[in-house]
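Asks: coords please:
(6 chains)
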There are 4 protein chains.
Amino acid sequence: MWLRVDPRRSKPLYQQIVDAVKEAVAKKVLEEGERLPSVRELAASMTLNPNTVAKAYQELERAGVIEVIRGRGTFVAALGAKKDHARRLAAMQELIKQVWIEAQHLQMSHDDLLSFVQHTIAEWDREKGRDGK
Amino acid sequence: MWLRVDPRRSKPLYQQIVDAVKEAVAKKVLEEGERLPSVRELAASMTLNPNTVAKAYQELERAGVIEVIRGRGTFVAALGAKKDHARRLAAMQELIKQVWIEAQHLQMSHDDLLSFVQHTIAEWDREKGRDGK
Amino acid sequence: MWLRVDPRRSKPLYQQIVDAVKEAVAKKVLEEGERLPSVRELAASMTLNPNTVAKAYQELERAGVIEVIRGRGTFVAALGAKKDHARRLAAMQELIKQVWIEAQHLQMSHDDLLSFVQHTIAEWDREKGRDGK
Amino acid sequence: MWLRVDPRRSKPLYQQIVDAVKEAVAKKVLEEGERLPSVRELAASMTLNPNTVAKAYQELERAGVIEVIRGRGTFVAALGAKKDHARRLAAMQELIKQVWIEAQHLQMSHDDLLSFVQHTIAEWDREKGRDGK
DNA sequence: GTGGTCTAGACCACC
DNA sequence: GTGGTCTAGACCACC
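Replies: Here you go, the predicted model:
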């Protein structure tokens, strides 16, 4: 199963679901148009409250990751359909800034940091190739 | 002043302080051994609750960013002295993973992502050169 | 075809049908006395559940937009025949109120709002001239 | 009190709260920076569940109408600070379209519709002058 | 004190 | 069947 949540982590459960779905979609473990388990199914299988799952699904819909079709179910949205392009790039820059700050504290050189990032990204690219159907 | 906090942001105030100090140290706006304002001074000048500042300082000390010397004050720790090297690298990888996931959702190619990251890092390097004393 | 529905929109499918028919009648794409497809025909051609179409038709009949004549079919009602004149005006005022509230939040001046409304209405008048048979 | 909700209406309670707050802000019954009742206070005074009020407040914050300051309370945001300008204008146009459609069904002339709209808007402007502090 | 999260479980609209 | 809303009430982080 592509979804694991852990109530002991400080990250809220619904947020863990959101992040896990985003990750699965990014890795193509979940593909465009694929149906997600229903709120009740997922809640039952993860022993979570349906409200918690519903909150996660609503957040994912707002983010444009999934599409909810009333009475029918929930599906992975088209990747290209994402809105807020500018805001998303800004969020990425903010994350990269954090990486950069951490690197300074570790006294990594510019080149060390860059190769560390390259290495990590390459690893995720490989992971995507492996997991994607 | 290197410290700006905004109570309207969703990030907790204490965390904003922590992040701002880390950033200032990374940019060398605050230098090794430099004295930080006391909890009370900072709280008064920023109209913050002293508890909030104290919590931030505790977190910073645990992270090895500052050192509290009883009776003398609070100082920026040596950069090289950071512990938990492995854990910090893992945290960086986690951040990079998030960047990677977001890039997949924006359908950025491997090369687009890499040049975006390089560009952003280069910007922060320049910023450091400019702000550092 | 004057009818387009999209299951991904949050507006219920039956409501989308209702609104589309009202719009087509207002634009004279559908004219007084014109025959509408039967519930089954429409459901089949749009791959909708017949219950959904039937619910829409019931709503349209209650609103006086269409007339169902047993054994003969469903027809666009006479425009002048609408009942509940007062209730309809009240509904329009409610919609205008919502427009007004939104305008305040956007800090539009009285004149800006008025010309925005005039402009938008004029556009629909033109559209009607173009689409009407 | 500027807030009235009615569980018998089909509009969800949380949405009624959202709309009422937007209206109060538009009329300047609630002014920039003014404090709203806390989630618990409002829930108690309206005999609603705190979750319902919390959901409304979260929606209002997302819409940029209010600002939540952690641990301190909830305040009316600056009117000028609204985002999504383009999307909001589109939503207004959609509402005006509905007004126009209804007018066609009532066989109102272009001029009748325009003066009806002007009259209604003028009424709300007066209401704002009266209620605003 | 404040709002945010979560469980448990009812009821409803839509399809 | 599906997701959306709502109540009731616990617990938590933040200030």
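Asks: For chain A, what lies in contact range of chain B?
Replies: A:22-23, A:25-27, A:65, A:79-80, A:82, A:85, A:88-89, A:91-93, A:95-107, A:110, A:113-114, A:116-118, A:120-121, A:124-125, A:128 (Cβ under 8 Å from any Cβ of the partner chain). C-beta: built from backbone N, CA, C; applies to glycine.
Asks: Now that we have those residues, which of them are buried?
Replies: A:22-23, A:25-27, A:65, A:79, A:82, A:88-89, A:92-93, A:95-106, A:113-114, A:116-117, A:120-121, A:124 (16 or more other Cβ atoms under 10 Å in any protein chain shown).
Asks: quick one, phi psi at A:Val68?
Replies: phi -100, psi 120 (degrees, to the nearest 10).
Asks: Sketch out the strands for chain A, chain order is fine.
Replies: A:35-36, A:66-69, A:73-76 (DSSP state E).
Asks: and the last one, is it in reach of DNA strand E?
Replies: No. Using Cβ under 7 Å from any atom of the strand, strand A:73-76 never reaches DNA strand E; the gap is at least 10.1 Å.
Asks: contact partners of that strand?
Replies: Residues outside strand A:73-76 that contact it (Cβ atoms under 8 Å, 6 or more residues apart in numbering or on different chains): A:25, A:30-36, A:38-39, A:57, A:61, A:65-69.
Asks: Kindly report the same for the shortest one.
Replies: Under the contact criterion Cβ under 8 Å, 6+ apart, strand A:35-36 has outside partners A:Val21, A:Leu30, A:Leu42, A:Tyr57, A:Ile66, A:Gly73, A:Thr74, A:Phe75, A:Val76.
Asks: Direction included, what does it pair up with?
Replies: strand A:73-76 (antiparallel) (DSSP bridges).
Asks: And the partner strand, what's buried?
Replies: Residues of strand A:73-76 classed as buried by neighbour count (16+ other Cβ under 10 Å): A:Thr74, A:Phe75, A:Val76.
Asks: what stretches of chain A score poorly on pLDDT?
Replies: A:132-133 (pLDDT under 70).
Asks: Can you show me the helices along it?
Replies: A:13-26, A:39-45, A:50-62, A:85-105, A:110-131 (DSSP state H).
Asks: Kindly reformat the ones you listed as TSV and extend each row with distance to DNA strand E.
Replies: Formatted as TSV, the helices of chain A follow (distance: least, Cβ to the nearest atom of the strand, whole Å):
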stretch	distance to DNA strand E
helix A:13-26	3
helix A:39-45	8
helix A:50-62	3
helix A:85-105	17
helix A:110-131	26
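Asks: any chance of these in JSON lines, plus distance to B:Ile17?
Replies: Below are the helices of chain A laid out as JSON lines (distance: least, Cβ to Cβ, whole Å):
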{"stretch": "helix A:13-26", "distance to B:Ile17": "23"}
{"stretch": "helix A:39-45", "distance to B:Ile17": "38"}
{"stretch": "helix A:50-62", "distance to B:Ile17": "28"}
{"stretch": "helix A:85-105", "distance to B:Ile17": "14"}
{"stretch": "helix A:110-131", "distance to B:Ile17": "25"}
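Asks: And those: which comes nearest B:Asn49?
Replies: For B:Asn49, the closest of these is helix A:85-105, at 25.5 Å, according to Cβ to Cβ.
Asks: what about the closest one, distance to the chain center?
Replies: Computed by Cα atoms, centre = their mean, to the nearest Å, the separation of helix A:85-105 from the middle of its chain amounts to 17 Å.
Asks: Repeat that for stretch A:76-90.
Replies: The answer for stretch A:76-90 is 13 Å, by Cα atoms, centre = their mean.
Asks: Between the two ends of that stretch, how far is it?
Replies: 24 Å (Cα to Cα, to the nearest Å).
Asks: so what's the most centrally placed residue in chain A up against?
Replies: In chain A, the residue lying closest to the centroid (Cα atoms, centre = their mean) is A:Lys22, at 2.4 Å. Shown in contact with A:Lys22 (Cβ under 8 Å, 6+ apart): A:Leu60, A:Ala63, A:Val65, B:Ile101, B:His105.
Asks: same thing but at 10 Å, please
Replies: Residues near A:Lys22 by Cβ atoms under 10 Å, 6 or more residues apart in numbering or on different chains: A:Leu30, A:Leu60, A:Ala63, A:Val65, A:Ile66, B:Gln98, B:Ile101, B:Glu102, B:Gln104, B:His105.
Asks: Identify, from those, the entry nearest to C:Asn49.
Replies: Looking at those and their distance to C:Asn49, the nearest is A:Ile66, at 22.3 Å (Cβ to Cβ).
Asks: Could you count how many residues lie near that closest one?
Replies: Using other Cβ atoms under 10 Å in any protein chain shown, A:Ile66 is surrounded by 24 other residues.
Asks: How about it: which residues does it bridge to?
Replies: A:Ile66 has these beta-bridge partners by DSSP bridges: A:Val76.
Asks: my read: A:Ala20 touches A:Val5, true?
Replies: Yes. With contact defined as Cβ atoms under 10 Å, A:Ala20 counts as touching A:Val5 (7.1 Å).
Asks: Show me whatever sits in contact with both of those two.
Replies: Both A:Ala20 and A:Val5 are contacted by A:Ala56, under the criterion Cβ under 10 Å, 6+ apart.
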